[in-house]
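Q: Predicted model and sequence follow; I will ask about them next.
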Amino acid sequence: MDNAAADFGIDLTVDITDVVCPITFVKAKVALEDLTDGQVASIRMNDGEPVQNVPRSVKEEGHKILKLLDNRDGTYSLIVRKVG
Amino acid sequence: MSSFSNEQLERYSRHIILREVGVKGQDRLLKARVLIIGAGGLGAPAAMYLAAAGVGVLGIADADAVELSNLQRQIIHGTPDIGKPKAESARASMERINPEIKVNAYQTYVSAANVMDLMADYDFVIDGTDNFAAKFLINDACVIARKPFSHAGIIRFQGQLFTYVPGNGPCYRCIFDSPPPPDAVPTCSQAGVIGAMGGVIGSLQAMEAVKFITGAGNLLTGSLLTCDALRMEFRKVRLHRRRECQVCGDRPSITAPFDYAAPVCDIAP
């Protein structure tokens, strides 16, 4: 996962595996607001509800999803480029 | 990283999720200062929603004490509060809803003598008063101090509101030049009012304050919104600034706030 994520030049890594909906998206959104246009975040989230909802919500905010990496430990890392 | 605590992220999560609010909008709310004049039918829901929204500093001004007949609509007060000053009772409710905010309680009538000082430290004013004298006073003071405010009034099954922003649409005096003659219009205590009417219109006032602070959407400037709850009809009437307005016109004759005589029944119920 580290090698794959490194390809994107991650500016910020956020872990939202310790919270549940809707705080998952809130934390992801807060992290993205701290970035500037074009920077990339890696957001680590649990399988299941977060993976189903957070990427969609992030996309609806207008950001660009670059990749969803399966960490093979029950978590995923969403690689997002901030837009705006 | 953002300076929000996890508890704040959770408390305000439904705001932060909104694209129109987000972290920046919530941050603005936390730094905002709103003065609510009147802790009654309109002020109660407005104060409660703004407290819950995390508006950093809220002023609440009311000279009266809580009475049994208030409780049908003034939901910020409860039966155990009867006899307590409304400003203090309101403060206690607001702090219970959200201990994070600061509430300044002013146990005083708003008059020409204190209105400018009272509103000086606030970004936005909510007129939750129940008489024309106070409404004209607040309008004049806000126009003179270039302070945005939300006007509202309720009676029976009806309500109305509009928002004044300096340089953007009419003021209250553009719409209603001067108070009606005494007893031409009954007060709420004479005419009655449905409690939920205060909830409808006072909540809309809170909505205007939140929109003003966060910059979301369009404010109710340049229009008067009226609600007829019996027919459940809302009307939005477009209104314009009057160049000959006594206070916000091109050559204003009112350059300092002044007091009209308050109706007798408002003083001695």
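A: Right, received. Where do you want to start? Values in this document were obtained by computation on a predicted structure and should not be read as measured data.

Q: which residues does the most centrally placed residue in chain A bridge with?
A: Nearest to the mean C-alpha position of chain A, by C-alpha atoms, centre = their mean, lies A:Ile43 at 3.0 Å. A:Ile43 forms beta bridges with A:Val14, A:Leu78, as assigned by DSSP bridges.

Q: for it, what are its contacts?
A: If you count contacts by C-beta atoms under 8 Å, 6 or more residues apart in numbering or on different chains, A:Ile43 has them with A:Thr13, A:Val14, A:Ile16, A:Ala28, A:Ala31, A:Val54, A:Val58, A:Ser77, A:Leu78, A:Val80. No exception for glycine: its C-beta is placed from N, CA and C like everyone else's.

Q: tell me the contacts of the last one?
A: By C-beta under 8 Å, 6+ apart, the residues touching A:Val80 are A:Leu32, A:Val40, A:Ala41, A:Ser42, A:Ile43, A:Val58, A:His63, A:Lys64, A:Ile65, A:Leu66.

Q: And the host helix or strand of it, how far out from the chain middle?
A: Assigned by DSSP states H and E, A:Val80 belongs to strand A:75-81. Chain-centre distance of strand A:75-81: 4 Å, with C-alpha atoms, centre = their mean, to the nearest Å.

Q: could I have it exported to PDB, CA atoms only?
A: The C-alpha trace of strand A:75-81 is given here as PDB (Å, rounded to 0.1, in the frame of the first residue of the first chain):
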ATOM      1  CA  THR A  75      -9.400  -0.900   5.500                       C
ATOM      2  CA  TYR A  76      -9.100   1.100   2.300                       C
ATOM      3  CA  SER A  77      -7.100   4.200   1.500                       C
ATOM      4  CA  LEU A  78      -8.900   6.800  -0.700                       C
ATOM      5  CA  ILE A  79      -6.500   8.900  -2.700                       C
ATOM      6  CA  VAL A  80      -8.200  12.300  -3.400                       C
ATOM      7  CA  ARG A  81      -7.000  15.400  -5.200                       C
END
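
Q: related to what we said a few turns ago, where's the residue nearest to the centre of chain A relative to chain B, distance?
A: 14 Å (C-beta to the nearest C-beta, to the nearest Å).

Q: Spell out the residue ranges of the helices in the chain.
A: Going with chain A. In chain A, the helices defined using DSSP state H lie at A:2-6, A:23-33, A:49-60.

Q: Chain B is the one I meant
A: According to DSSP H, the helices that chain B contains are B:6-11, B:13-16, B:22-31, B:43-52, B:86-97, B:115-120, B:132-144, B:172-175, B:188-191, B:195-214, B:264-267.
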